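# Build the 3D model from these lines:
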Amino acid sequence: MSDLELITFSELIDKLTVINIKLFHLLDKTAELDSKPDKTAGDIALIVSLSGENIRLVKQRSSIKSAIDKKLNMAISKGGTEILDEVKNYGKE
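Numbering: from 1, shown residues only. A predicted model of the protein is given here:
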């Protein structure tokens, strides 16, 4: 059983959502710094640092999106999906 089979769709979507929020805030901060007419050396260093973080997050997002695609293809080829017990048994004994 691969690691991908142990991860649920909801976990992958949660991870993707968190990465997207981080990217939004990072790009917002980068744009704010970049729009300053008189950038200090510290501003430029921070922009460079944020750009590196942007690349790291984009790679993570790409990996998660690929995992979602693979998980979906696995579910289609097997004819269904499995649901974790703690998710499907709310209110049932």
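# from here on, contacts and neighbour counts on C-alpha atoms
Will do.
# Got the phi and psi for Lys39?
When read as degrees, to the nearest 10, the backbone of Lys39 gives phi -80, psi 140.
# With adjacent residues omitted, what lies nearest to it?
In space, Lys39 comes closest to Leu33 once its chain neighbours are excluded; the distance is 7.6 Å by Cα to Cα, 6 or more residues apart in numbering.
# Only the buried residues of the helix or strand hosting that neighbour, if you could.
With elements delineated by DSSP states H and E, Leu33 resides in helix 9-34, which encompasses its position. Of the residues in helix 9-34, those buried under the neighbour-count criterion (16 or more other Cα atoms under 10 Å) are Phe9, Leu12, Leu16, Ile19, Leu23, Leu26, Leu27, Thr30, Leu33.
# re earlier: looks like the residue nearest to Lys39 contacts Asp43 (just checking).
Yes - the pair Leu33 and Asp43 qualifies as a contact (Cα atoms under 8 Å) at a distance of 6.5 Å.
# Following element in sequence after the helix holding Leu33, please.
Toward the C-terminal end, the helix or strand that comes next after helix 9-34 (DSSP H and E) is helix 41-78.
# Let me know the average pLDDT across that next one.
Model confidence over helix 41-78, given as mean pLDDT, is 91.
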